[in-house]
Each structure stands twice: as C-alpha cells, then as structure tokens.
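Undergrad: after the sequence you'll find the predicted model.
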Amino acid sequence: MQLVINTYGSYLRKKGDCFLVKKEEKVFEVSVNKVDSILITTAAYISTDAIKFAVDNNIDIVFLDSYGEPYGRVWHPKLGSTTLIRRRQLELYEKEGGLKLAKNWGIQKIDNQMELLKRLKKTRAEMKDKLEGCIKELEELKERLTSLKGTVEERRHTILGIEGMASRTYFEALASIVPDKFKFEGRSRNPARDEFNAMLNYGYGVLYSIVEKACIIAGLDPYIGFLHTDNYNKKSLVFDIIEMFRTFVDETVVHLFSKRKVKEEYFDKIQNGLRLNKDGKAVLIEALNETFEKTIKYRGRNIKMKNVIQFECHRIANKLLGKL
C-alpha cells in the first residue's frame, strides 16, 4: 500500500516496527510490512528516524506538488543495476533494436487503450457505434506504428505523431461517456481545464513515482530514454515506460466519474484552470490503491497490477542484457 500524508501539519515518525502518523487529532500506526511507498502531498513533518526506517526497508518517500507531480524523493543510495545495463541503454538507442523497443511500448499503449474501450463498450450499448469507431481508428494507427523501420532518431517524430493522433481519438471516446456535467475536450495538463483532467494529472503523478521506483529497482537508468528526448535532468525513460500503464489510472478515473463518486467540491479553482484538493486526492488515491491491488493476467501469470510495472521493468532490463 501507499501511505499518503495529505493533511496540512501532519507528523510522521517511527514507533517500533511501525510508522506512526498524526493527522490533526487522529493518531494511528501502520506496520512497515504493509507499506510500499510513502507519498507526502502537503506541508508536513517527518522525523529522521522515520526516513532511516523507510530507507532501511526499501521504502521510497516521494514528495508531490499540488498538481501531483513528484518534485523530490528519498531513496537508498545503492545502485540497483550493473553498469552494463546502462551501457546497453546507450548502445541500443543507435540501433534498430532501440526503435523496436520504443515501438513495442507504443503498441502496448494503444492495445491497452483499445482493451479499455472494449470493456467500457460492454456496459454502454448506446455508445457502441461511437466506441467501435474509435477502436477501429486506434487499430489503424497501431498498424502504422508497427510498420515503421529504422532507428529511434529517424522515426521519433513519426512515432510521436501517431501517438498524438491515437491519444486524441482515445480521449474523444472517454469524453463521450463521462457524465454531462463533467464533459471535457481533450487532454489538458498543468493546469487542467476541467475536473476529469485534474484527476488524470494527479493520478499520472502518482503513477510516475511508481514507474521511476520500478526502473531503479530493475537497474534501468531513468535518465536514458529512447523516445523522449534526453533533456537535462529529465527522466526520459520513465516518460517512455509510463505510457504502457496510463490506462491503470484512466480506468480508475473513468469509474469514479461513471459511478458518480466525483463531486464539484473536490476541486479548487486556480488561474486558468482547476486543481484537485485534499478531499479529491483522498478519494482518488484510495481508488488507485484498490486498482493496484487487483489481480490481472500478465504473461500467463496472475499477479497484482502494482507488480506488473516492476515485472515489465525487469523484463526490459533482461532484454538489454540479452537474457530474453
């Protein structure tokens, strides 16, 4: 589970084999064995013994800003990789194998989008034609992506263009099934122009921290990407890999809206947009935790969704080492 500190002035410290959390007048303990990561989303206090306790137990502490974007983390100093994996990341970029890897991530993203739309179609007979049309468009874009050859450098803009068209089609489909009072027009980031995107943005921020952790554990260098450019201090590989798992957040948010669990008071108005507030974050994080605990079929095995990300990062590392 993710231990989330989202109440202003909260206090976190170590007590025996537990984390002790004080929120306003409430005090509770959480066993270290139940915690995968700690998210701190507001002004809070954390003791150094709690930090060391987390580090000793391989639990990362992630600090998120008001939009859900990670701006810092506490992580153990040991490298989770061999130098060889990082060298292979650099070498493969220049080869056709690098393009194949980037294409596979894009193809998996579109596959996941189509699968989600197919699941949504089953319970929305009135939207059948609309969703089937979007699925067909995504299938055609997937075929275009599959046919690309060359290197990442030669095909980057083409891939990004195809993914952009797929994204517009996909979010057009999602917008068509959201309750009328929360209708939106396409993606908007920071700030979000609507409630749906405000929830998506925060959810993606949480997902980003999970993907980054999985990369580090698997020995991948999060700064050496393939499709996303290697800008200074930009964790390009995390942006590459996260694309395969965005539907985990998408489906969670869609269900919250579809089941009428989202309220207007979960959002604060800011300049040029909206922002998810404390109550909204609590609802979304609880739903995401439930999502990540669900069991799905992955490469012939039944595993929890949260573990799929780690398994996939290990799989990428093994490919780089020539073990697959």
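TA: The structure has been received and is ready for your questions. Numbering: from 1, shown residues only.
Undergrad: what are the boundaries of the strands in this structure?
TA: Per DSSP state E, the chain carries strands over the ranges 2-5, 10-15, 18-23, 26-31, 37-40, 44-46, 60-64, 70-74, 267-270, 273-276, 295-298, 301-304.
Undergrad: paired strands for the fourth one, with orientation please.
TA: As defined by DSSP bridges, the strand partners of strand 26-31 come to strand 18-23 (antiparallel).
Undergrad: just the mean pLDDT for the partner strand, thanks.
TA: Mean pLDDT, computed over strand 18-23, is 92.
Undergrad: how far off strand 10-15 does that strand point, in degrees?
TA: When axes from the mean of the first three to the mean of the last three CA atoms, to 10 degrees is applied, the directions of strand 18-23 and strand 10-15 differ by 160 degrees.
Undergrad: who touches strand 18-23?
TA: 3, 5, 7, 10-14, 27-32, 35, 38, 50, 53-54 (CB atoms under 8 Å, 6 or more residues apart in numbering). Where C-beta positions appear, they are placed from N, C-alpha and C, glycine not excepted.
Undergrad: stretch 160-178 too?
TA: Contact with stretch 160-178 is made by 106, 109-110, 113, 117, 120, 124, 127, 130-131, 134-135, 137-138, 141-142, 144-145, 183-187, 196, 227, 243, 250, 254, 257-258, as judged by CB under 8 Å, 6+ apart.
Undergrad: which ChimeraX command selects the buried ones in the residues you listed?
TA: Applying 16 or more other CB atoms under 10 Å to those, the buried members can be selected in ChimeraX as follows:
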select :106,109,110,113,117,120,127,130,131,134,135,137,138,141,142,145,184,187,196,227,243,250,254,257
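Undergrad: is the closest residue to residue 213 other than its chain neighbours bridged to anything, and to what?
TA: Distance criterion CB to CB, 6 or more residues apart in numbering; nearest residue to residue 213, sequence neighbours excluded, is residue 60 at 5.4 Å. When assigned by DSSP bridges, residue 60 has beta-bridge partners residue 37.
Undergrad: residue 106 versus residue 60, what's the distance?
TA: 28 Å (CB to CB, to the nearest Å).
Undergrad: just residue 145 next, same as before
TA: Taking CB to CB, one finds residue 145 at 5 Å from residue 106.
Undergrad: so for these two, which residues contact both of them?
TA: Shared contacts of residue 145 and residue 106, defined by CB under 8 Å, 6+ apart, comprise 159, 162-163.
Undergrad: and the helices in this protein?
TA: Counting by DSSP state H, residue ranges of the helices within the chain are 48-56, 83-93, 96-122, 128-146, 152-177, 195-218, 236-242, 246-258, 278-293, 305-320.
Undergrad: among the ones you listed, which is the most enclosed?
TA: helix 195-218 (a mean of 24; mean count of other CB atoms under 10 Å).
Undergrad: and that one, what does it pack onto?
TA: The contact analysis (3 or more CB pairs under 8 Å, 6 or more residues apart in numbering; DSSP states H and E) places helix 195-218 against strand 37-40, strand 60-64, strand 70-74, helix 236-242, helix 246-258, strand 273-276, helix 278-293, helix 305-320.
Undergrad: for the last one, give the mean pLDDT please.
TA: Averaged over helix 305-320, pLDDT sits at 90.
Undergrad: ok, and what's touching that helix?
TA: Identification of contacts with helix 305-320 by CB under 8 Å, 6+ apart yields 36, 81, 85, 88-89, 92, 101, 210-211, 214-215, 217-220, 241, 244-245, 248, 291-296, 298-299, 303, 324.
Undergrad: can you pull the alpha-carbon coordinates of it into PDB?
TA: The C-alpha atoms that make up helix 305-320 are tabulated as PDB, following Å, rounded to 0.1, in the frame of the first residue of the first chain:
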ATOM      1  CA  MET A 305      -1.400  -4.800 -11.100                       C
ATOM      2  CA  LYS A 306       1.100  -2.900  -9.000                       C
ATOM      3  CA  ASN A 307       3.600  -5.700  -9.600                       C
ATOM      4  CA  VAL A 308       3.100  -5.700 -13.400                       C
ATOM      5  CA  ILE A 309       5.100  -2.500 -13.600                       C
ATOM      6  CA  GLN A 310       8.000  -4.000 -11.700                       C
ATOM      7  CA  PHE A 311       7.900  -7.200 -13.800                       C
ATOM      8  CA  GLU A 312       7.900  -5.200 -17.000                       C
ATOM      9  CA  CYS A 313      10.900  -3.100 -16.000                       C
ATOM     10  CA  HIS A 314      12.800  -6.300 -15.000                       C
ATOM     11  CA  ARG A 315      11.900  -7.700 -18.400                       C
ATOM     12  CA  ILE A 316      13.300  -4.600 -20.200                       C
ATOM     13  CA  ALA A 317      16.500  -4.900 -18.200                       C
ATOM     14  CA  ASN A 318      16.800  -8.600 -19.100                       C
ATOM     15  CA  LYS A 319      16.300  -7.700 -22.800                       C
ATOM     16  CA  LEU A 320      19.100  -5.200 -22.600                       C
END
